[in-house]
Structures are given as C-alpha cells and as structure tokens.
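Colleague: sequence-free structure coming up:
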Ligand SMILES: Cc1ncc(COP(=O)(O)O)c(C=O)c1O
Ligand SMILES: Cc1ncc(COP(=O)(O)O)c(C=O)c1O
C-alpha cells in the first residue's frame, strides 16, 4: 500500500518550488555517516488484500473461547450496537484532541456529558475526560494526594487488583513515596483494624477498590472515616463499573476520589486495551486533578458551547509544575462509555441485578459440588472466590471444552492456594453454567 | 426490543389531544369481526443481547468455505475497506430515494458519478441509477426493445446465465413475447449461423453475455452486425463486471444496451443479494430507458447541483404508460460500486489481468491431471469449462476439505455431462490452487 | 463540490492489486487483441481523497439518523442498529448463492422461518422472498394472477386500480400485459362501490387495492369490496406498502386478499439506502401457492433445501433468492419485536399520525376528516389560494427547519397534497416541534410568502432547475 | 444542541436487559441494604434519539476524513481504513487479557513482531508496548533512566530539556521526581552546545531531546550532543513524537539515543479518536533492556509467552499489556507499507512541509530559514505588529476556509507560533489550496483585520469565552 498521493510529476514540481534537485537534499541536516538507505529486517510491503488475509490469519491464531468465567479487571459485557455505530463515525475517530473548540463541539459536548454521567454514577461532583486505564488513574490519584498533602506514605489494600498495586508501586517508587499494604480480613474486606494501625499523619492516601479484586463489596464509609480522621485522603476504585448500577458509589460514602476502569461501559475486551481510566473527585479538587476537563461556556452571541478548560493544571501550560504529564487520553473510549451509559440509562440497575443473579446461581451451583467451599463471606457483586481441591485441574477441564475458567489467585496471593476467582456477567447463560457444572461434576 | 419512545404519559396526552379514550378507537374503521388481538405463531420478543446471540447462532449454522471455485454469476472479489466505511455512513444508508434534491445532493452526486463510470466502463453513453440485478436488467431491456420496436420475438443465447434466461422468459411470457434460444457453437461462443437464421424482422432484441456463462468471450461486434441487419436491437450482458477492466465493452462494439450484474464492484456475496443491475444504453434511448436517472443542473444561483430527471419515463408520473414499474432500486449497492470503481481506478485493468493469470494457472494445472479436458476453445476471462470423469465426485472431494468446487453445468445443460464451470478470482492463491490439484491428483 | 473526476490525477489510486503469485500470461495472446479495450476511463484518486470526497458527500445527505423524515407512503421509521450488526455477520455476508445447501442451513432456515412469520402476520398461505422491492413484488403478484387465470384458461384483460393508487400499481399491471382501469374514490376517500360494481366484469382479473390506501384511510367496506370482486371470479390484490398500519390488528388474508406484496424496507425497518436495496416479498392464499416463483425452500427432516419442482410456477423474477441480506435485517426486526412489539409499533404509528393530523388541521386543509391510519394527507390548497404559496414551497421551507419534507403531490387525487407519515419511532416531542414548524410556515405563508418561496436557504444548493435538467439532460459527465 | 440530559424522559431507554434465565435473588438480602444506592441519575433516551444526538454531535466535529488537518506536532496523517478493519476482527477484539497464552498466540506473535519491527526501524535493542500514549511512554522512559542510575547507585537529580520541548517532557520528568533544567536553543534553532556543556554535570541523568525538534529542525550537532551527554555518564532520551520525519533515513539508536518513546497515533497512522486512545512504545538500547516494564513477550520454540522474570524491571506502568488494539492498527500499517513505504512516507512528509514553507514564507515570518523536516514553524508576529491580527485570529479564519488550523502558540520560543505539519498523505493540490487560503488571510489581515478577528462565522458556535469557562467552571451538568 501507498498512502501518499504524490505523482512523479507532483514531486518534480514541488522540488522545483523548493529549489532542490532531489529529495535527498532535504535530509542533508542528518550527518551523512548516520544516514541509511533502507530499514533492515522489515517484511515486504503488502497489498490491501494480502494485508487483510495476513491479519485474518494472525487473528485466527487466537482461539476465542465459548465463554469466559474470568473477570479480574476486564469484563465481558454486551455492547449495544449503537456504541460501535457512533464511535465508528469518522468525524469522531479521525479527530485530534479538541484544541480548536469551534470545530470540535461534537466531541467536547459528548465528553462534557460523559463527565457528568461519571460524576453522577460515582457519587462525586466532577470527573475528568479520562485517563489511560484504571490502574494509572489510581496511580495519578496517589501522586496528587501526595503533592497536595506534602505527605509521602501511601496505604493500599491488598485486595486491590494486583496489577493496579504494581502500577501504584511503580509511580510511587519514581516519586519516592512509601507504599504500605493492608491485608484483607477473613470476610474478604479490608482489615479495618490493621488499616487504623497503619494510618498515621504521614499517610497521603488510602487506596481501596469496592468491589475489590475478590469481588467483595467494601465498607467504604468506615474506610473513609478512618482515613479522614488522620487527614489522609481516600481514593476508592472499583472493578466492574456496572456494579455502580446498584452499589452506593464511593463518592457518596466519603471518598475524595473515585478512580477505576471504565472498560465495562461499552468497550470490548481487546486483550486488555484500549480501556479508559475513570477519575472523579469532589468539587474542591477541581483545580488540581490531572487530565483534561471540558467545561461549558458561551460564545460571542451567548450561545452555549464547550471548551477544554482549567488548562493551567496541564503540562502544555505548566510544564514541570503541571498536575500530571497526561496529554492524549482515551477520548474515544470515553465516548463509547458515554453512549453506553446513555443507552442503558436506568436499565443499568437491571443489568447489575442480572449480573448478581447469574453470579449467585453460578456460585450456588459450584458450592453444591463436593469439595468446593466459599472463601469470603462478605457480599459480592459479580465475582467471588471459591476454594476447590485442584484449581489448575478445574481450569484445564474447562479449557478442553473451550471455556475459560476462574482466575487462579495463588499467582498473586500465595496463601490462597487452590482458589479461583469467578465472574458471571449477563453474557453467561444458565445453559453455560449448567454445562460448567456438568463438566466439573 | 421496543423502538417506540412513547411513555404511558405521552400516550395519555396524545389520546387527549386526538379526543379518544383508547388506542383501539383508532382502529374502528377495521370491521370488528376481522380484528385480531395478537399475531399468532411468532416467537417471543428478544432483548438485544438475545437477538444478537440468536442471530450469531443462525449465521453459525452456515459453513463458510476455505475458498470457492464457483462464480457462475456471483463473484468473490476483494472489497477494499473504503467501500464499507462509505456505505456505512448513516446519511447514506438511512436516506430514502432523493426526491428532495436540496438535502440529497450527496447520494445524487454519487449516483451521477456512478452513472458516468458505468457508461464509460460499458462503452455506452449513459447508464441509469441501477436496477434490481443483472437478470431483471436484461428482462427490462427485453420489454423496452419490444415496446420500442413493436416486435415481439426475443432471441437469447443459450450461453446466457440460465437464471437470467428464466427471468427473461418470465417477463416475456407476462408480456406475450416469444423467446427463442440460440445454441452455442463448439467454440463456446454463440452459433452465429443459427443466430442469423433465426433473426427475422419480428425480432425485437438479441440477448447475449460476454463473457458468457461458460466464461467465454463473445464476438459482440459480429453479433451486433447480425442483429442490426435485421433491425433488431442488441442487449449485451456480461458475467463478472471486473472483466470490463480489459475487455472491449459491448457498448463500443455496437450493442444498444449493456446490461449486467454489478455485484463484482464492491458488493459482498450475500448469498445472492442485494446485488445491482447495471443498465447502460446509447444516448438515443435516454428518454425511454427504465429506472431512475440523475442529471446535473444548476440552482438559482447558478451553482451546479443534481436532481432526479426525465421522470416522465417513470411510474409515478406516467403510471401504466411508464417505461417500467421500477421505483426503489439498489442505490446503496450502486454507491458501493461507485466507490469501488473510484478506488480501483485504472487498477481495474491490473485486477482483471490478475484474474486471467489465476484462471489460466488453475486451468492449466487441472488439464495436467489425467482425465480432464477442455470443453470450449474460445478465449475466456476468469471462468472456464472442463470435462472430467465424474464431476460430482470432484466436488465432493473438494467439499470435504472445505472447498467449493466448480459449478455443475449438467443441471442446466444436459448435454454437458460431467463438466464443471470453474472460476478463479484474485481471492484464490497459488497455494489454494496447488492444494486443489493435490486433492484431485 | 467537485466531481470525483475533477479530483482525479493520473497515477493515483486507492486500491492496489497484489503482485501475481502465479505466472503472468500474455493477455493479448490469451484473449485475443480484438477483444481487448484500449482505454479505461476511471477516476484516479488516492485513498485520502476518495474518503474525503464520499464522506463530504454523505454530509450533504439527509437520513433518518439525522432527524425527522415524515415521507408519506415511505414509512421512514428508525432502522435499529442491531439489525445492521446481525446482517453484517460474515456467516451471512460471505456465502456464495450456489454453495451446497448443507453449508447454508442457517440461511435456509432464516428464509423458511421468515416466510412462516410473514404468513402468520398477514394471514397468507405462503410467501416468496424473491422480489427485490415493492414494485417487483407487485409485478410478481400480478404475474401470479395472470398465471392463475391462464391455468384456469380464462382470458381476463383488465386490472382495476383506484385513482389514489401508487404509480407502481398501474405500471406493474401494464408490465404484465394487463389493461388498467381506474376506479374512482368516493367522498370519504374509500372505494366508490357503485363504480366498482359497474367495472367489475368477468374481464377483470383483479382489483389492486392499497389498504389503508394512500390517503392513510382504511377501507371500511373491505368486506363488500372483496365480495364484489370474488363474485365475478376476480382476485383481490393488496399493495402491502402500508402494512405498518395494521400489524397485529388485522390480517389481509382474513379480509379476503388473495395476493399481497410487502415492502420490508418500509414496514420491517430495513434501511432504504438512499433508494434501495429493498425487498418485496409476496404472499398468496392457498389457491395461488403453486404459482409462486421458484426456487422455494422446503423443509424435510429438519433439513432445508431449495426446490424447483413446482410445475405451475411463474418461473423466476430475479436471479438467486432475492435480496437476502435485506431479509436478514427484517428477520432480526421481527424476532426482536415479537408479536407484542409489532402490534405496539402499529399502534404508535397510528397514534402519531392522528396526533399530527389533529394538531395541523386548523392550519392546513384536511380533505378527509376521518380517523386516519399510519399517515395523514393534507392539502396545501388554502395556502395556494390565499397566499400563492405552493406545497413545494412549504416542503422546501421545512428543510430550513431541519426536517425532511413529507411526500408531496401524491396521492394525485388530492390537489397540492402533503402526505405526512410520522411512523411509530418518533416521540411526541419530535412531533410537537415539527407541528410548530408547520404552523410557523402556515403563518409565514400569510405574512411573508416570499420567505417561504425562497426556501431552502440552509442547504448547499438552493432550488434546482429541474426543467433545465430535463430539457438538456446531462446524466453522464463528459470530460 | 441540547444535552443528552435535556432530551431525557423518564421511562425511555435504548438498551434493554434480557429477562433472567436463572432465579432472581433479593438484592437487598444478598448484598445488604447499606451497600446499595438509592438513585441512578442517568439519561433516559430512546434509540432513535440517542443515535440522532450523537450523529448530529459528530457532524459538529472535524476529522482528517473531512479535510486537511495540519496540526503541527500531531502528525494528523490519514488513517487507512484497512487498519480499522483488521483491528476489528473478532479474533483481536474478543480476547480477555487473562486468557491462557496458548489461546492468544496470534496476539503474542503480533506484539513480539511489532517490537522487532520497531527495533529495526529505530535501531534500538528492545521495545515495550505497554505505555498508553506518548506522555506515558516518556514517563516510562524516564523511569527506566531512573532505575538505571539507581542500579548504578548514582544519585542524579536533573534532567535537561530544551526550551522548545513539548510540555510533556518536563512534566514527565517531574512526575518521576527529577528536577528539570532548561537548555537554550541557539539562533539556528538547535541545541546551544555551549549551554549544554555548561549544564551537563554528573548530576544530570539525561538530556531529553526531540529530534527533529518542535521547530521541525534536525539537530545537526547530534553527534556532538550525544558525546557531551555520554561523556558525563548521562543518557540521551529521544522524544519520538516527530519520528515521521526520519523513517528509513536515520535511526535514533545509531545517533546515540539510549531511550526513545514513539507515538503510534502519530507516526504509525492510528487514528487519534478525538484525543485518544494512543500508544506510546518505548525503545531502549542494550544497557537498559533489563529495566523495561513487565510483562514482556518471550519466544521459545516458536511459541510465545508472557514473562515477568526480569528482576530489574521498573515494574508496571499500566494494567495488562497496553493499548493492544491500537498496536494492531500500527502493525497493519507497517506490514502494508514495508520498508520502502515507510521511507516514502517520510520523504513525502518532509517534501510537503518544505513546499508549504517555501510558499508561505513571503507572507509570514519564518523565524528559522533552514530546510525543515516534517513540519515548519512560522510566526504571526508580522501580522500582530502591522495589523493587530493574532495567530489565533488566523487560525480561526482558516476554519472558515474549511481547514483545521495548525498548532498555534507552540513551541513557546516562537512568538505567535504557527506550526504546520502537512504529513505525507496530503496532495500537492491540497497544499496549494491551503497555501492560497493562508495567503488570502495574510492579505485580509492587512485590508480588513476585523474580518479575520471575527472568524469563525461558519461554525455552529462562534468564538467561545474561555475566560468565563475557567473562572466559573461548569464541568458537570447540574440538573
Ligand atoms: C403504496 C406503495 N406501493 C408500492 C411502492 C413501491 O415500492 P418500491 O419502491 O419498493 O418498489 C411504494 C413505494 O413508494 C408505495 O408507497
Ligand atoms: C513532541 C511531542 N511529545 C510528546 C507528546 C505527547 O504525546 P501524547 O499526547 O500521546 O501523550 C506530543 C503530543 O502532542 C508531542 O507533540
């Protein structure tokens, strides 16, 4: 393929206009000894037909499962057809960040609406235009809390997604913060006693997820109280965003920041990305939060319009003094989330309930099998942890039938031997579950 | 699903505005004894998720082949990505026929461009905005020729696609025309001697295809001469439109009408439809041809614009005196064809050549096998007929490996026992062909 | 905007062609020089320019997805996106029509079931999905009627068609060799029974009736009409383009219709594509089943196959099996709505039409004051008489308000007709703002007729010279 | 346009939820009342209204598919459609990140090969695809540098950054705990070598250099610069956002760069989505490979798997494996272009930029008269001085001519900067008409400055009050 429209004649004319005899002259600033003639070791160019057939072959080397019982930070939800039809509009997906507001009202308004929906959904007062993913959103909250408080200790629940904890640790290491993990109690929730013990006046932020990585709903209100008592801020995440259809959001329970992964809202699994980081906050943090913000304003004729606003927080104005270095975010994923939430509307509640039904059915059916037991008694949304005699074998058996089983927690929690983290969304039918039980019987 | 936005409250208010107490009153003109409460025997409504999974299951009951060696009126060509991105624009596909020109300039101009490309491609002076398919386009040409000439005998080559001949016969029967078939010569071309014998001053139209159903290129110029000598009109079709990338088009060789199937131009196989009928003609027939025509004109300010024109040929003006009854045509398929042709441009020639290469390779390889022989010596484009010892068995063997073999001609031509009509487009790789040979060895 | 030819430049292209992996042959030798063309005059444009050209063209086009499209008789309801996604599944798009039946069981089942569902909805004995559009269905239906009489050895020359009928009705009859006689409407907008009685002889093959008719009115005397036609041995043909008015309420088969054609691209929400593809299934009563086009899907032992073994068939009206992929969308629609949903669609469509009718009737002439079905027909005659503003002007002015105009100047029996079909997918809010616009235009017609007559002003082109277009036709760009 | 909340009406919805096929449970009992929310304040709209809302919003947005988008530093080249289709294949979109590696061999191979291709193109030893955007890549790169010195037990506090650099460079360094020192540009627009010498101490961890820099100029003294930095034990970081300037011409690894981040959404044509998703791979030289984020794909016996066994890694910067689906598009692009195609892209990009530079330089101030690479930077200072017309005004006027404006007021070292990056996918014709518009604006600035200052007038809104937006922020609709 060749996407340059230049004909030989065009090139000749343009060279003449510039006053050069050959293209190579344009590269004369590059010291000759470094100049190459050709990139080595790249396969030959392909025609479009060959490209598509090569890519189909590659995609074909992946094996799509019949269905999957793993969530663990990435959730298989039904994406209503409208979402793709909107994100597929060329005016949206071939645009850059809306620096020029007058010809970018489309994405600006859509993001403003997204911000509003996310704020309402998370029980906060505002949300930014998106971050890279849930993990980096949480890490950015850490940096912000530390900067605002001048403190440098970070408390994170061990029940937070293992990869999120890793990202938080990386960002914290880079900034010289100390990260302290708080274990989970037997219930599966954070161990509040330990939390309180570890909380001191050096703590900038407490980080939890609810539902947490085990699917367990945390008592966010109590955690918030504990944190605030010591002058620490609470950044609360969540795993599956659809849980917000029924769960009281952390923002309403005292969290200062709600951060999490928005993939569940209309974004495909995509082998882990692109996803979108949700970053929502109380109003008082508005002038400090990272990321882009769209604000409403008026034009010269008093007509409502939207612009990128409060840009003095951002790197292109403040450079090294900026709140964060983020520039491009995940706008199209945020657009998808906005369309998804507008499509579901109040049905998000019914969807969340359906997730609970499926999950309870799967859980109860598995518990009826011999050798299976519940690990955590605390309430769950659409994920739960069970112990069995041989977790690896269970997954192998399921795999044979084209089913992705549960997530083996032992990898990240050596103490949780032979436990599996299962997830059942609306994509799992009763028939699917009954088949699983049949296989594992 | 429910696509009505009406809330119970809306309905109440609207009923009040109309002055009715219940919806049922609106149906009071329907005699009570005929009114039903519910449609019987329709499966229950489905949610969107259920709908998609049901439809995927249904699609999954079809078995997509590895590749197919059958053309026979429907051709598997590569569709460049741009085509779907354009036909997927909601402004195009959710519009009606462009009756209101000022807000339909998009489709009107696109169709005007399509008409122009088709006229050039077919060697004629104009083309309409599309017909239903190649077969009905040919049948409409028959009706037009008969009406214009006042003659009622139709000559059709037996080498025209069997289904096209059936459609022509149906339309001819309905109008009281007599259809006479002319056999093919040993070469695979029409038997010119027989043609000349059957041609008399009652013949309204001669119908041929080039390439014909056997893939054979006809000597259109001689056929045109013969027809015109007796005052008959020639409507020449073609099978695979991409052949026009190299073949001298019938319009340049004297045909009065060029009719054929445009599916090859950017439209997927779709199990036979929607396709698009191409109808092109010499300028002198402009005010008589069936179907919509887009014409260029100017607006009040002298700016170029496009409108549906010469509508007095059409049913909505002329009613029973109209040239044809066609109303909706295949606009979106014509749009796809226009985009396809604009995308290929002069590369259509290279594509056609590639089809010839593949076809010759397949043909020669098959002929190297023992027991295979050529049936027709005349030149072919991308289809050809071979005889083997057991055609059915050949296809069965291929089928086992997920390959659709050749079209068994015996169904339509009892005299052509154990012959197969093969097609090789650019979608067939050397590897594919070598595999076929391996299987049939 | 420039034509694609005007941005063409030699040497450019969007789509490339792979290098050959098999030996090249000499084309001249292989095919013969005399069969080859010398020139190939197609536009040469780079992908970026092609995409911009067509994307910008699309932005000069109005679709249902942009706004209200009350084009009467066309049922421009919303086209659900799930239908598009279902129809785009490679299992549906990728099959060659001549693939063996065992590999196409999904398609065959879909066709088979679709026919059954249509039978259930319309009360017919059997359906064919072969016709590619409404008019094609009409032609097929009339051919079936012709065959029926041929089989009966009756020579009937005439088809009766009401004056309000769509132009395709007479055109289809004529294309089948029939003579058309026009049946008058009565003052109520229904069939003039006496006129029917007088025309209905044994020379009449059929009455082609649209019910509700193109005035949006249901034929109250349908039972009588059917009896008169049948009494003389004639058949009753139903133009089902207006079926959105009665799903789940009444079945044409029960009313005495012998043949009916549908427009899936109207009633069953498949998008109209800027003028097609559509799909025009034809349903028939028991008597006529044998005459349906071939091939037909038959089911045996839970397997489906194509059969041509119907000796009395009219034959084929199209290659292959019709606009299959359009049928997939309509099938999806029926399955997602179910019986209740289809009925609700009809109820809301009729409610919407009557609501608009009530709101606008103080401002525009309403020739027939009855309850209407899924559409209502006004006349712009008052505006012509009082202000010299024509229906065209009103239509063009609506464009400036952001709406697609209603159908105008049809049906022919209403002078200056304005035919509004809101469809069920439009909300009360949309109707309210539309009616406000219509009322504002009625007012402007009085106060500033020139303002209405100079519309539209918000479009890329103003009113186009249609006379010039027809007088000096330019239907092919000469470069 | 109305907000989605303003068209919301209680009881409507677009997406429905299937009835449960498993027993319902009591949610209060199952989860506990105190954990449940009382209200759920989301918009309620029917599908038709949702589609119209967002479709009409899209029509108020400008994308590359509509026209020329010469946004400097952003490389808004055309996004080939085949890339979109390839990335939409269900085999790519449907995989859960925790699926077993055996079921994801296609993805793993793609990632592995993509890394190899990037190594070949940029002359680096290894790449990671984990970072989600350019700035994320910078952060990752700077972390790698930090880790390198930590491992060496060297405490270096400082990162040097040229004054012309993109804001993300200092911000990323700061987010990694470094102190930023600004390096001056010389009169030629290159690194002030003397200043560099004076700043480059053993307290400096790295120099972050964009080459070509944000003036579009290639650093002629790059060899000297690298030597100075390396001599003091520092590392040379390359911001690869401008890589479109040198594909197939020179490799940063050969020039002495130790770390480089790329912007796939610039150089490798993945669409920018109105602000993302992007992808910001980071490449490193041999010395730094151990510090790359985990997991990394390793190949063994023709099988690919993920490995975390890299003890010196900085850890993770993102969950899972980065913006995988974006990488699919860039991979498709590289494979379809091949080495020749990538080189041609660069050549045409540089040709285009120099062409525009030559055409416009009589009309606008050109602060650096050298041959430029893929973009050229003008200054609107003449227009300000002579006519009081600012660069913003020129930008807004371009909108009325149908163009997306160039980047303005960046780089900061050029007053009233106008940074034009045409990219290679634009034709000479497009550049010619764009230049005509720029020249016409320069003329209008002289003759009718108010006409320029009141632009744009063709947009749905005129210039917006940004001060108000910041003073009384409304970032969340309160209903
Ligand atoms: C009443 C009526 N009958 C028949 C037709 C013809 O349908 P089609 O355009 O699908 O051929 C139409 C279309 O406008 C119609 O409104
Ligand atoms: C020179 C340069 N570096 C870095 C970046 C940051 O890239 P991203 O927006 O992907 O984070 C940009 C983007 O504008 C840039 O132009």
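Modeller: Looks like it came in fine. None of these values were measured; they are calculated from a predicted model. Ligands and ions are numbered 1, 2, ... in the order given.

Colleague: How about the least confident helix or strand in chain A by mean pLDDT, which residues are buried there?
Modeller: One helix or strand of chain A scores below all others by mean pLDDT, DSSP states H and E: helix A:315-318, with a mean of 85. Buried residues in helix A:315-318, counting neighbours by 16 or more other Cβ atoms under 10 Å in any protein chain shown, are found at A:315-316, A:318. Every residue, glycine included, has its C-beta placed from N, CA and C.

Colleague: Check which helices and strands that helix is in contact with.
Modeller: Here helix A:315-318 touches helix D:168-174, going by 3 or more Cβ pairs under 8 Å, 6 or more residues apart in numbering or on different chains; DSSP states H and E.

Colleague: Is there proximity between the helix it packs on and chain A?
Modeller: Yes. Legend: contact between helix D:168-174 and chain A by Cβ under 8 Å from any Cβ of the partner chain is shown at D:168, D:170-174.

Colleague: got those as a markdown table, with distance to residue C:240, neighbour count and pLDDT columns?
Modeller: Below are those laid out as a markdown table (distance: Cβ to Cβ, whole Å; neighbours: other Cβ atoms under 10 Å in any protein chain shown; pLDDT from 0 to 100):
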| residue | distance to residue C:240 | neighbour count | pLDDT |
| --- | --- | --- | --- |
| D:168 | 62 | 31 | 96 |
| D:170 | 70 | 26 | 96 |
| D:171 | 65 | 28 | 96 |
| D:172 | 66 | 35 | 97 |
| D:173 | 71 | 31 | 97 |
| D:174 | 70 | 24 | 96 |
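
Colleague: mean confidence for stretch C:102-111?
Modeller: The pLDDT scores in stretch C:102-111 average 98.

Colleague: do the same with stretch C:187-202
Modeller: 97.

Colleague: Repeat that for stretch A:238-245.
Modeller: Stretch A:238-245 comes out at a mean pLDDT of 98.

Colleague: mind checking the SS state of the spatially closest residue to residue A:245 that is not a sequence neighbour?
Modeller: Excluding its sequence neighbours, the residue lying closest to residue A:245 (Cβ to Cβ, 6 or more residues apart in numbering or on different chains) is residue A:352, at 3.1 Å. Of the three states, residue A:352 takes helix under DSSP: H, G, I helix; E, B strand; the rest coil.

Colleague: Spit out the contact partners of residue A:352.
Modeller: Contacts here follow Cβ atoms under 8 Å, 6 or more residues apart in numbering or on different chains; on that basis residue A:352 touches A:242-247, A:381.

Colleague: okay, it: pLDDT?
Modeller: 98.

Colleague: Then residue C:246?
Modeller: Taking residue C:246 on its own, its pLDDT is 98.

Colleague: What's the local residue count around it?
Modeller: 29 (other Cβ atoms under 10 Å in any protein chain shown).

Colleague: Tell me if I'm right that it and residue B:29 touch.
Modeller: No. Counting by Cβ atoms under 8 Å, residue C:246 stays clear of residue B:29, with 10.3 Å between them.

Colleague: Now the common contact residues for those two.
Modeller: The contact sets of residue C:246 and residue B:29 overlap at C:218, C:373 (Cβ under 8 Å, 6+ apart).

Colleague: List the single closest residue to residue C:85 in space, sequence neighbours excluded.
Modeller: residue A:81 (4.6 Å).

Colleague: and the one you found, how many neighbours?
Modeller: So residue A:81, with other Cβ under 10 Å, has 24 neighbours.

Colleague: domains for the chain, by residue range?
Modeller: No chain in the question, so chain A it is. A:8-60, A:67-77+A:346-440, A:81-344 (automatic domain parsing).

Colleague: Hmm, no, I was thinking of chain C.
Modeller: If you go by automatic domain parsing, chain C breaks into C:1-60, C:82-336.

Colleague: how about CSV for the contacts of residue A:352, with distance to ligand 1 and neighbour count added?
Modeller: CSV is the format used below for the contacts of residue A:352 (distance: Cβ to the nearest ligand atom, whole Å; neighbours: other Cβ atoms under 10 Å in any protein chain shown):
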residue, distance to ligand 1, neighbour count
A:242, 42, 25
A:243, 48, 27
A:244, 46, 30
A:245, 43, 26
A:246, 47, 22
A:247, 51, 24
A:381, 50, 29
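
Colleague: Looking at those, which is nearest chain B?
Modeller: residue A:242 (13.3 Å; Cβ to the nearest Cβ).

Colleague: Identify the residues contacting that closest one.
Modeller: Listed by Cβ under 8 Å, 6+ apart, the contact set of residue A:242 reads A:75, A:77, A:264-265, A:348, A:351-352, A:355, A:382, A:425.
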